[in-house]
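Asker: have a look at this prediction, sequence included:
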Amino acid sequence: MRKWTYILLFTLLAGTQLKGQDIVQQALMHLQNNELESAKELVDKAIQLDLYNQKATTWFYYGYVYKELYKANDVGNINSTNLETASNAYLKALEMDNNHPERNNNILGINYLAIQYYNIAGTILNQATFNVNIDTNIINKAITNYARYKELKKISEPNFNNTERDISFYYQLGSAYHLKYDSSKFADKKSGKYAELYFGKVLELDNNNVSALYNVGIIYYNEAVDIINTLDYDEDLEKLNKSLDYSIELFLKALPYMKKAYELEPKRKETIVGLSYIYLSLNDNEKSEQFRKELKMLEANE
Amino acid sequence: MAYFLNWKNLVKRIIYIISFLTLVSATPPQGPGYDTNAKIKSVFIYNFTKYIEWPKNYRQGNFIVGVLGESSLYKELENMAKTKKVANQDIELVKFNDSKAISNCHILIIPPDRSDELNNAIKQVKKNSTLIITEKEGLTKEGAAINFIVQTNKQKFELSKTNVEKYNLKVNSSLESLAIVVN
């Protein structure tokens, strides 16, 4: 066991006000000997007894043992119950007594666990951004883990500014759902709506986020194209008329996002292609051609 | 006491955080690349075959759709020809490189860049029952039966009943109600 853990355990043992063969004290001694399972059995027992469970420090030690179990067995495990038990116990300790003797360690422990939740959310989303077949329940786990990260971080570092992390998180969520939507050839409308929602959240936090602007534009564009692409040649003219109206509405919705992305990054090729096709779909051939030429010039200068 | 903050953990943490952030600039999954207008016009064209009646002797053999020169519609029309029929007739797509080469067909499509050949095309089909479709403003006045136009971003079509009937074709009134009727 690491040097710091020894120091901590020493401090904890010295700091405990319990006497003799106190169960919690015993648990900590087992922990010191790296006997995690025995330590767990003892804290599990202690937490059931009123003699112990009325004390904030017991909950802290209980959380501490589970945190060690998590570190030993579960780091990176998205289904870790040890992580959940540890964080609940740490929170309970603070809730019972916000000034208990181990408060500082309690806060540090919460911060450690917050980072674990953050990492789990990140790991899931990193996978989801490249794996179209990832289950939405797994993506939802990223959402709950990230929410838990924020809840704990608010306690461990109340003034921490999460904006950058929120932007990254929502962007990756949007990308994960966008990938699912695209890979379903736009049949998975629910994923399309989620992608739109999360890219929208990115833009609420950073309205000049070029990638999010482009993606929202593309989602509307693809939705409109899909309406037309899936039309049967047999389609009744009246229905065709309605489909056209709706697709135009979507192309017009896509346009300001793509235009803003272009204004912010005029040399980004996919945005120029996007504008060219949106204008083409809006039957504005002149503007479509203008962007097509711009793309050619850009490619010629590469 | 920062007991969890050993260097190994710290580096691991930083790597996680970095991997979370780098994907912000990742290229989006799919971009555009589809000509929606070609599909829309093809759906219109197939509908015209349902609302326009050709003489009896045109209702046998293949249903011929002629295109003058290169057209952005061609690929969609090919797809239509493969998957649809006009009543019992198979659809056959024919490309005419020159207006003088235009032969008997049920529908003749004149793309915008070949609009100046409309008069020649009319001369070629004047004794036939051919529905002439153009794609440039004002061409119903020059003899086209149906002319695709754009109004407030939307694909629409003008219908000249006179020009349709000149070729011994009959227009169903339902089509008139959906068209911009010109004379």
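Answerer: Done, it's in.
Asker: looking at chain A, which helix or strand does the model trust least?
Answerer: With mean pLDDT, DSSP states H and E as the measure, the helix or strand of chain A carrying the lowest mean pLDDT is helix A:3-15 (a mean of 55).
Asker: which elements pack onto whichever helix or strand comes after it?
Answerer: Moving toward the C-terminus from helix A:3-15, the next helix or strand (DSSP states H and E) is helix A:23-32. Contacts defined by 3 or more CB pairs under 8 Å, 6 or more residues apart in numbering or on different chains; DSSP states H and E place helix A:23-32 against helix A:3-15, helix A:36-48, helix A:56-69. (Each C-beta comes from the backbone N, C-alpha and C, glycine too.)
Asker: okay, helices next: where are they in chain A?
Answerer: For chain A, applying DSSP state H gives helices covering A:3-15, A:23-32, A:36-48, A:50-53, A:56-69, A:81-96, A:103-128, A:136-156, A:163-183, A:189-205, A:210-229, A:237-264, A:269-281, A:285-300.
Asker: report the buried residues of the shortest one.
Answerer: Taking 16 or more other CB atoms under 10 Å in any protein chain shown as the basis for neighbour counts, the residues of helix A:50-53 that come out buried are A:Y52.
Asker: what's that helix in contact with?
Answerer: A:I23, A:V24, A:A46, A:I47, A:T58, A:W59 (CB atoms under 8 Å, 6 or more residues apart in numbering or on different chains).
Asker: for the fifth one, give me its contacts.
Answerer: Contacts for A:T58 were tallied using CB under 8 Å, 6+ apart; they are A:V24, A:V43, A:A46, A:I47, A:Y52, A:A93.
Asker: give me the neighbour count for the fourth one.
Answerer: So that's A:I47. 19 (other CB atoms under 10 Å in any protein chain shown).
Asker: how far away is it from chain B?
Answerer: 22 Å (CB to the nearest CB, to the nearest Å).
Asker: residues from the stretch 51-200 of chain A in reach of chain B?
Answerer: When proximity is defined as CB under 8 Å from any CB of the partner chain, the stretch 51-200 of chain A approaches chain B at A:104-105, A:108-109, A:112, A:115, A:118-119, A:121-123, A:125-126, A:129, A:164-165, A:167-169, A:171-172, A:175, A:178-179, A:182-183.
Asker: A:V75 against A:L113, yeah?
Answerer: No - using CB atoms under 8 Å, A:V75 and A:L113 do not qualify as a contacting pair, with a distance of 11.4 Å.
Asker: which residue, other than its chain neighbours, is closest to B:V171?
Answerer: Leaving aside its sequence neighbours, B:V171 sits nearest to B:V164 (CB to CB, 6 or more residues apart in numbering or on different chains; 5.2 Å).
Asker: to which secondary structure element is the one you found assigned?
Answerer: Short version, using DSSP H and E: B:V164 is in helix B:161-165.
Asker: ditto for B:A81
Answerer: When elements are assigned from DSSP H and E, B:A81 belongs to helix B:74-83.
Asker: so how far is that helix from its chain's centroid?
Answerer: 10 Å (CA atoms, centre = their mean, to the nearest Å).
Asker: got a list of contacts for the helix or strand following it?
Answerer: Note on helix B:74-83: by DSSP H and E, the next helix or strand toward the C-terminus is strand B:85-86. Outside strand B:85-86, the residues that touch it by CB under 8 Å, 6+ apart are B:T49, B:F63, B:I91, B:H106.
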